[in-house]
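Engineer: Quick one, what's the 3D model for this:
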Amino acid sequence: MRIRPFKNCDADTIISWIKDERIFRFWCADRFESYPITGKDLIAQYADLSFNNDIFHFVAYDETGLLGHFNIRYPDRSDINTVRLGYVIVNDTKRGQGLGTRMIKMALDYAVEYMHATKVTIGVFDNNPSALHCYLKAGFKDTGETDIYSCLGEDWTCKELEYDPYDTSPDEEGFTYFISEDEYMDFRKSAGWAEFPLEEAHEGLKNSYIFCLRNEEKPIALGRVLWDHGYVVYIADVIVLPEYQGQGLGRKIMEKIMKTIESWLKPGYRIMVSLVSAKGKEAFYEKFGFISRPDSDHGNGMSQWLSAEDTPNEVCCHAD
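Structural biologist: Modelled structure (predicted):
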C-alpha cells in the first residue's frame, strides 16, 4: 500500500464505495446536506476548500487500484502542531483485510514525519464499531470527550480520539510503542552493544516498529522490528535491562512481535523473518520457530559494519 495526493479522477471511485446513507453519514457526518452525492460534488467541495491551504486530500492505492481515502487538515490555523484526520473510507470490496488500519498508520506517519504534528485527532461515531476498532488499533486513544450529531432522525454520539506519537502510556497488554533515542542508546549500553550518534538512532527508530515494556515510565524491555511491507521482516533488537532479566520479559516481547508479524499476513502471503542472535541465546529464539544456521538448506548468516571512517570519502569517475 502507498499513499498519494487525491486527484479529481479518483472522486467517482471513492463515491462508489458508499452504498447507503448510513455509511455516507459515518463518512462525512453533516458535511454534505443531502444524499446521494456524485464525484462532481466531492470535487466541488474540495475545490472550495483548496483556497484555505489548510486541508490536504489523499488516497491509498496498490497495483490493483484505489484502496482508501482520507484527508488531513489543521483544525486551528494558529496551531500547526495539531492536525485532524477526516473523510476516512476504505474500498468496500476490500474491507475486513486490515487495510483501514494500515492506511491510518500511514496517515499518522505522514502527519508526524512530514507535517511534524505532535497531536493527531479524529472523530468517530460510537455506532460505527468497526471504524472505532480500526482507529484504536492504529494507535488512537479515546479522550472521553463526545459530541452529538443529528443524523437520519437520530442523535449520534461522536467520540473524540487522539494520537500522541510520543505517548508512553501502556496499552491493555502493557506495551508502549515509542522510545526516545536517548532511551534506546541506554538500552544498547546496558547490553554492551555498539553506540551511535543520537541523530542516527533517531532515524533508525522512526523507521521501526517499537515494542516497549516500562516500569513506572522507565523502559525495561525493548523489541525493534523492520519490515519492507513485502516478504522481509528483520527483528533488529530484543533487549531486557540486566536488573529485569529472568522475569520472562524477553519472551513477552517476542510473543508480541511474532503475533504482530502474523497479523501482517494476508491470504497467499509468506513472510521471511530473520534475526541475528546474541552468542549463546540461540536456544531462546528456537522456541519461537527460528532455525540456527548453517544447516542443510542455509549457509551462514553474514553481516558487516561500515563507517564513514572506513570507506573512501570520494569516488571519482573520469572519462576522456
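Engineer: got the residue ranges for the strands in the chain?
Structural biologist: All strands of the chain, identified by DSSP state E, fall at 2-5, 55-62, 65-73, 82-90, 119-125, 141-151, 154-163, 175-176, 209-215, 218-227, 232-240, 272-275.
Engineer: And those strands, which one averages the lowest pLDDT?
Structural biologist: Across these, strand 175-176 has the smallest mean pLDDT, namely a mean of 90.
Engineer: so how many other residues sit close to residue 3?
Structural biologist: Neighbours of residue 3 under the rule other Cβ atoms under 10 Å: 18. From N, CA and C alone the C-beta is placed, and that goes for glycine too.
Engineer: Show me the beta-bridge partners of it.
Structural biologist: Per DSSP bridges, the residues bridged to residue 3 are residue 60.
Engineer: ok, it - contacts?
Structural biologist: 58, 59, 60, 61, 103, 106, 107, 110 (Cβ atoms under 8 Å, 6 or more residues apart in numbering).
Engineer: Can you lay out the strands of the chain as a markdown table showing distance to residue 40?
Structural biologist: As requested, the strands of the chain are exported to a markdown table (distance: least, Cβ to Cβ, whole Å):
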| stretch | distance to residue 40 |
| --- | --- |
| strand 2-5 | 19 |
| strand 55-62 | 15 |
| strand 65-73 | 16 |
| strand 82-90 | 16 |
| strand 119-125 | 26 |
| strand 141-151 | 24 |
| strand 154-163 | 27 |
| strand 175-176 | 45 |
| strand 209-215 | 41 |
| strand 218-227 | 39 |
| strand 232-240 | 43 |
| strand 272-275 | 46 |
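Engineer: which stretch among these comes nearest residue 31?
Structural biologist: strand 82-90 (8.0 Å; Cβ to Cβ).
Engineer: quick one, the closest one and strand 55-62 angle?
Structural biologist: 40 degrees (axes from the mean of the first three to the mean of the last three Cα atoms, to 10 degrees).
Engineer: isn't residue 122 right up against residue 140?
Structural biologist: Yes - using Cβ atoms under 8 Å, residue 122 makes contact with residue 140 at a distance of 6.2 Å.
Engineer: I'd like to know how far the residue lying closest to residue 138 once chain neighbours are set aside sits from residue 166.
Structural biologist: With Cβ to Cβ, 6 or more residues apart in numbering as the criterion, residue 138 has its nearest non-adjacent residue at 4.0 Å, and that residue is residue 104. Counting by Cβ to Cβ, to the nearest Å, the gap from residue 104 to residue 166 is 18 Å.
Engineer: quick one: which of these two has more around it?
Structural biologist: Under the neighbour definition other Cβ under 10 Å, residue 104 and residue 166 were set side by side, and residue 104 has more, 26 against 10.
Engineer: low-confidence ranges in this structure?
Structural biologist: 310-320 (pLDDT under 70).
Engineer: what are the ranges of the helices in it?
Structural biologist: Shown for the chain, the helices assigned by DSSP state H span residues 11-16, 21-28, 39-49, 99-113, 129-138, 181-191, 198-206, 249-263, 282-286.
Engineer: between the fifth one and helix 99-113, what angle do the directions make?
Structural biologist: The reference is to helix 129-138. 40 degrees.
Engineer: Let me know the angle separating helix 129-138 from helix 21-28.
Structural biologist: 30 degrees.
Engineer: for helix 129-138, packing partners?
Structural biologist: helix 99-113, strand 119-125, strand 154-163 (3 or more Cβ pairs under 8 Å, 6 or more residues apart in numbering; DSSP states H and E).
Engineer: Nearest to residue 226 among the contacts of residue 3?
Structural biologist: Nearest member of the contacts of residue 3 to residue 226, counting by Cβ to Cβ, is residue 106, at 16.2 Å.
Engineer: dump the residue contacts of that closest one.
Structural biologist: 1, 2, 3, 60.
Engineer: give me that answer again for 10 Å
Structural biologist: Each residue near residue 106 by Cβ atoms under 10 Å, 6 or more residues apart in numbering is listed here: 1, 2, 3, 58, 60, 68, 70, 138, 229.
Engineer: likewise residue 132?
Structural biologist: The neighbourhood of residue 132, defined by Cβ under 10 Å, 6+ apart, consists of 124, 125, 126, 140, 142, 159, 161.
Engineer: The same query, at a cut-off of 8 Å, please.
Structural biologist: Counted by Cβ under 8 Å, 6+ apart, residue 132 has contacts 124, 126, 159.
Engineer: in terms of contact, does the last one touch residue 127 like I think?
Structural biologist: No - Residue 159 is not in contact with residue 127 according to Cβ under 8 Å; the separation is 10.3 Å.
Engineer: and this protein, what are its domains?
Structural biologist: Residue ranges for the domains of the chain, per automatic domain parsing: 2-163, 175-294.
Engineer: Overlap of the contact sets of residue 122 and residue 140?
Structural biologist: Shared contacts of residue 122 and residue 140 (Cβ under 8 Å, 6+ apart): 161, 163.
Engineer: Determine which two of the contacts of residue 3 are furthest apart.
Structural biologist: Most distant of the contacts of residue 3, by Cβ to Cβ, are 61 and 110, 14.4 Å apart.
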